[in-house]
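**Student:** coords below, sequence missing:
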Ligand code: KIV
Ligand code: ZN
């Protein structure tokens, strides 16, 4: 990298628009969507789609609800031409779907493009030429005037051929390619020159697509450019202003959203952002961002998983795991505290305690788009007692009392810290078992019997103490009180039971009960213990022994 970047690179000049309006606006409805998956997306694939793959993806796009679909560049290859012909001849496009075709300002290409549209019900002919200073200088070696002449010629060749498309409803679209790198005044001038040829009216509008062909500035600059054009171009009401952003600076979505605030009413993009370099705008994200704000996006992603499946199969691309809404991991919580918060939020939602979705960490309800909230079941040293407890409960039905969580949480975290890695739920349970359930030193319970008379319970227990047999007996108002009494009789320092809970263990080979007991010693020290047995009385006795062993 350069030590002094300014020697090689320069800042992007801002647009002079001191009274810009877009920052105070909010989006209230869906734009017109145009999918460019089959053209811009397809041209960027290592192996472009074949006709049958394009047909399948086209079908999926129609199913999602796109009413404008750029189906290709029919003059560029036979595959593209054939695909367009099959759509038309096999009547694959519903009557309300516009087939959009892209073409450069060359007469032979325009001729072939128009030919490819014969018999279409609705067609958008999309003409483009590049307008930025770098393109004018490096690629075309043309002056501004000459670049305008290219656009005007192209527009004229298209107009001359329109009578050939009888029976087809045609809409015209012009893109000053590399618009965001073009001086706004020049973009206006060239667009108006095309408008002069096509003569759009408020009733018969043309689409003016203003592409962020290469993202070269922050999205607010693009919004300024869009607002500037919307406010300064002649006959704005005869135009459908469209945005088409790429993602070079990873702000394609932001640029589109701000472009909409700035006055655009149409959006071009692709599913999951497939496209040249860092990709086109991800339409799924923009649509679901609107949905998140309660706006009907007019695109249906109810079964997003199937759309991902078709997309990946047809394009050979994969949706990255952190792709907004669609990625494998975006509705997965790893952290225990996140899981805890989500669980509470979901419960609140299920109990109708909130009118609008407000679940921590989940921007939308994953089930709305056929996804599922998932928890990754493991803890790390930062997981916290809530996460540890949640994991034990959700995976094994072990419902630690709150106070016991406070004791076991730090113990588990310390162990995980020592291991220096995350642990699975099974490992966490093993830790709990080792710490509480399996402790046999110094005390190990061998036998426990009770008899009850006149409300007095008498117990006889056989235990090992450091491996040596000890027999105790005691009495009290219940088996545990009798046990505590028995320990006292053989000189074990006095303790009392201060908390007790139990529940059945859900399933598995330990179809048993678990008891949790807290004891308090004379010096005020408290300890928890846990015992598991098929007999609930024995489980609680074991829990007392466990607590003693931990003292
Ligand atoms: O990115 C771009 O500028 C394009 C145009 C052809 C609209 O894809
Ligand atoms: Zn593009």
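**Tutor:** Arrived safely. These numbers were taken from a predicted model, which means no experiment stands behind them. Numbering: from 1, shown residues only. Ligands and ions are numbered 1, 2, ... in the order given.
**Student:** In this structure residue 462 contacts residue 471, no?
**Tutor:** Yes. Contact criterion CB atoms under 8 Å: residue 462 and residue 471 qualify, at 5.4 Å. (Each C-beta comes from the backbone N, C-alpha and C, glycine too.)
**Student:** Listing request: residues of the stretch 401-550 of the chain with sub-threshold pLDDT.
**Tutor:** 506-511 (pLDDT under 70).
**Student:** And the helices in it?
**Tutor:** Taking DSSP state H, counting those that start in this stretch, the helices of the stretch 401-550 of the chain run over residues 402-419, 425-432, 479-489, 536-549.
**Student:** closest one to ligand 1 among these?
**Tutor:** Nearest of these to ligand 1, taken as CB to the nearest ligand atom: helix 425-432 at 47.7 Å.
**Student:** circling back: now render the helices of the stretch 401-550 of the chain as a markdown table, adding distance to residue 26.
**Tutor:** Output for the helices of the stretch 401-550 of the chain, formatted as a markdown table (distance: least, CB to CB, whole Å):
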| stretch | distance to residue 26 |
| --- | --- |
| helix 402-419 | 43 |
| helix 425-432 | 44 |
| helix 479-489 | 64 |
| helix 536-549 | 58 |
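**Student:** any idea which of those is most buried?
**Tutor:** Compared across the helices of the stretch 401-550 of the chain, helix 536-549 shows the largest average neighbour count, a mean of 23 (mean count of other CB atoms under 10 Å).
**Student:** As a check, name the ranges of all helices in the stretch 151-300 of the chain.
**Tutor:** Ranges of helices within the stretch 151-300 of the chain are 184-198, 219-232, 252-261, 283-292, based on DSSP H, counting those that start in this stretch.
**Student:** distance of residue 491 from residue 459?
**Tutor:** Separation of residue 491 from residue 459 (CB to CB, to the nearest Å): 17 Å.
**Student:** could I get the helices of the stretch 401-550 of the chain as TSV with distance to ligand 1?
**Tutor:** Below are the helices of the stretch 401-550 of the chain laid out as TSV (distance: least, CB to the nearest ligand atom, whole Å):
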stretch	distance to ligand 1
helix 402-419	49
helix 425-432	48
helix 479-489	76
helix 536-549	68
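**Student:** what's the distance between residue 272 and residue 68?
**Tutor:** For residue 272, the distance to residue 68 - CB to CB - is 18 Å.
**Student:** ok, now residue 251?
**Tutor:** Distance, residue 251 to residue 68, using CB to CB: 24 Å.
**Student:** So if I had to pick from residue 491 and residue 459, which one is more boxed in?
**Tutor:** Between residue 491 and residue 459, counting by other CB atoms under 10 Å, residue 459 is the more crowded of the two (25 against 6).
**Student:** Am I right that that one is in contact with residue 478?
**Tutor:** No. Using CB under 8 Å as the test, residue 459 is too far from residue 478 to be in contact (9.5 Å).
**Student:** okay but residue 549 is in contact with residue 531, surely?
**Tutor:** No. Residue 549 lies out of contact with residue 531 (CB under 8 Å); the separation is 10.7 Å.
**Student:** ok so, going back, which of the helices of the stretch 151-300 of the chain is buried the deepest?
**Tutor:** Each of these was scored by mean neighbour count; the highest is helix 252-261, a mean of 25, by mean count of other CB under 10 Å.
**Student:** Next, the angle helix 219-232 makes with it.
**Tutor:** 30 degrees (axes from the mean of the first three to the mean of the last three CA atoms, to 10 degrees).
**Student:** Show me what helix 252-261 is packed up against.
**Tutor:** Here helix 252-261 touches strand 206-212, helix 219-232, strand 239-245, strand 266-269, helix 283-292, going by 3 or more CB pairs under 8 Å, 6 or more residues apart in numbering; DSSP states H and E.
**Student:** any idea which residue of this protein is furthest from its center?
**Tutor:** Farthest-out residue of the chain from its mean C-alpha position, per CA atoms, centre = their mean: residue 454, at 65.5 Å.
**Student:** any idea how far that one is from residue 473?
**Tutor:** Computed as CB to CB, the residue 454 to residue 473 distance reads 17 Å.
**Student:** repeat for residue 260
**Tutor:** Using CB to CB, residue 260 is found at 82 Å from residue 473.
**Student:** Check residue 133 too.
**Tutor:** The gap separating residue 133 from residue 473 is 99 Å, by CB to CB.
**Student:** same check, this time on residue 73
**Tutor:** For residue 73 relative to residue 473 (CB to CB), the value is 93 Å.
**Student:** So these two - more neighbours on which side?
**Tutor:** Taking neighbours as other CB under 10 Å, residue 73 and residue 473 compare with residue 73 leading, 23 against 15.
**Student:** what's the nearest residue to the more buried one if we skip its chain neighbours?
**Tutor:** Using CB to CB, 6 or more residues apart in numbering and skipping the chain neighbours, the partner closest in space to residue 73 is residue 102 (4.9 Å).
**Student:** For the one you found, give me its contacts.
**Tutor:** Shown in contact with residue 102 (CB atoms under 8 Å, 6 or more residues apart in numbering): 39, 70, 72, 73, 126, 128.
**Student:** and the second one, that's in a helix?
**Tutor:** Right, residue 70. No. Counting by DSSP: H, G, I helix; E, B strand; the rest coil, residue 70 is not part of a helix but strand.
**Student:** Bridged to it, which residues?
**Tutor:** Counting by DSSP bridges, residue 70 is bridged to residue 100.
**Student:** Kindly calculate the angle that the helix or strand harbouring residue 52 makes with strand 68-72.
**Tutor:** Residue 52 is located in helix 51-64, with elements delineated by DSSP states H and E. Orientation check (the same axes, to 10 degrees): helix 51-64 against strand 68-72 gives 170 degrees.
**Student:** Report the buried residues of helix 51-64.
**Tutor:** Using 16 or more other CB atoms under 10 Å as the test for burial, helix 51-64 gives 53, 54, 55, 57, 58, 60, 61, 62, 64.
**Student:** Stretch 460-474 now?
**Tutor:** Buried, per 16+ other CB under 10 Å, within stretch 460-474: 461, 463, 470, 472, 474.
**Student:** Which ones among those lie within strands?
**Tutor:** 461, 463, 470, 472, 474 (DSSP state E).
**Student:** which of the contacts of residue 102 has the most neighbours?
**Tutor:** Using other CB under 10 Å as the neighbour criterion, residue 72 leads the contacts of residue 102 with 31 neighbours.
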